[in-house]
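Engineer: Take a look and give me a structure for this.
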Amino acid sequence: ADAVLPVEPPAEQVTAAAGWQWQLGLETHPFIGAHQVRGKPTLPGTFELELAARTVKRLHPELHLVGFQSCRFTRFVPVRKGRSAVLRCETRLVQETRSITRLQLRLISDLLHPSGRLLQSAVLHMECEVLLSRATPGPLRGRLDFQSPQHGTAVSDPYTDARAVVFHTAPFDTLRQTVHGSQQNRSRFHGPAADQLAQLSECITPFLLCDAAFKVAQLNILPDGSMPVCVIAELASVYFAPGLTDAAVTALPEVVLCSTLPQPRGELLLVERVEARDGAGVVLAIAEGLLAQPVGRVPAQPAGGQFT
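Structural biologist: Numbers count the residues shown, from 1 in each chain. Below is the predicted model:
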């Protein structure tokens, strides 16, 4: 396992659901406007996991977040100007031992007509399992090769191309010295400016780092010279170093992202693993089993220089 935890026989336990409600708007969360799908501000999937983390922290403040497993992203959450998106996180206890707690979580909302009339209740946007620990989790274990020279094509982030179906501006403009290699993808993480970072002061997960890692994982140059633009459909697991936030990541002098190459799985792309490490080689985050849905393409834009 990548997250170092005590191993105990499982003690299954199911209880009544508990949850929390979140209200998000461009006025209160302006960074959402920098993450657009087909020209509309849309909640990033990694911020949906942030909401999941905040929910379980409120319900179980005595426990430590280890990570998420069996994540499935089913429907976008658009955020319109002058109108808040109201989301509910519902949790259910599925496993509890002396050291580990596992919750099933669903992020849902009610679909409303502009007049306010209810069109559909409990629309599912994301579901996952949240893994919590009573003790502080141990260090993450990396597997990818960060040491060998990176050979490949230096490219620009396709998600910063204004023609992209999924379009990012700062603070989501996080990739630098990005290379699509023959065996790996690799990039450096570029954190947001201080004023943008201040908007994320309440965040308890490194959702920008995860967003950057997932972009690196999906990098691919197709035979016609274009690059796919994708959205995350499923994620087998993602783990963070204890207490890691984007503010802590941005304060580090160097953060490198590295992934295996995406492989076709029908109409989807499967990435086995992506890691983030600091300049000393400490593993900051790991994700495995990333299944991405291509939603468009942009021309590959070469970038100057190679990864060094």
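
Engineer: Ser187 - how many residues pack around it?
Structural biologist: 28 (other Cβ atoms under 10 Å). (Glycine included, C-beta is placed from N, CA and C.)

Engineer: Please, where are all the strands along the stretch 201-308 of the chain?
Structural biologist: 226-240, 255-260, 263-265, 268-278, 283-299 (DSSP state E, counting those that start in this stretch).

Engineer: nearest to Thr28, of those?
Structural biologist: strand 226-240 (24.2 Å; Cβ to Cβ).

Engineer: So for the closest one, what gets flagged as buried?
Structural biologist: Buried residues in strand 226-240, counted by 16 or more other Cβ atoms under 10 Å: 227-240.

Engineer: and if you look at stretch 132-140?
Structural biologist: By neighbour count, with 16+ other Cβ under 10 Å as the criterion, the buried positions of stretch 132-140 are 132-133, 137, 140.

Engineer: Other residues contacting it?
Structural biologist: By Cβ atoms under 8 Å, 6 or more residues apart in numbering, the residues outside stretch 132-140 that reach it are 2-6, 56, 60, 62-66, 98-103, 239-242, 282-286.

Engineer: Generate the PyMOL command that creates a selection of the buried members of the residues you listed.
Structural biologist: A single PyMOL command selects the buried members of the contacts of stretch 132-140 (16+ other Cβ under 10 Å):
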select buried, resi 2+3+56+60+63+64+65+66+100+101+102+103+239+240+241+283+284+285+286
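
Engineer: Mind checking which of the contacts of stretch 132-140 are in helices?
Structural biologist: Counting by DSSP state H, the contacts of stretch 132-140 place Val56 in helices.

Engineer: Quick check on Glu254: phi, psi?
Structural biologist: The phi/psi pair for Glu254 (degrees, to the nearest 10) reads phi -150, psi 140.

Engineer: Check whether it really touches Arg277, as I assumed.
Structural biologist: No - contact criterion Cβ atoms under 8 Å: Glu254 and Arg277 do not qualify, at 9.0 Å.

Engineer: Pull up the overlap in contacts between these two.
Structural biologist: Joint contacts of Glu254 and Arg277 (Cβ under 8 Å, 6+ apart) do not exist.

Engineer: Quick check on the two: which one has the bigger neighbour count.
Structural biologist: Using other Cβ under 10 Å, the more surrounded residue of Glu254 and Arg277 is Arg277, with 21 against 10.

Engineer: The more buried one: what's it in contact with?
Structural biologist: Contacts of Arg277 by Cβ under 8 Å, 6+ apart are 142, 146, 255-256, 258, 283-284.

Engineer: Pull out the buried residues from the residues you listed.
Structural biologist: 142, 255-256, 258, 283-284.

Engineer: Closest one to Thr46 out of these, please.
Structural biologist: Leu284 (14.2 Å).

Engineer: ok now do that closest one, which residues does it touch?
Structural biologist: Counted by Cβ under 8 Å, 6+ apart, Leu284 has contacts 140, 206, 209, 240-241, 244, 249, 255, 276-278.
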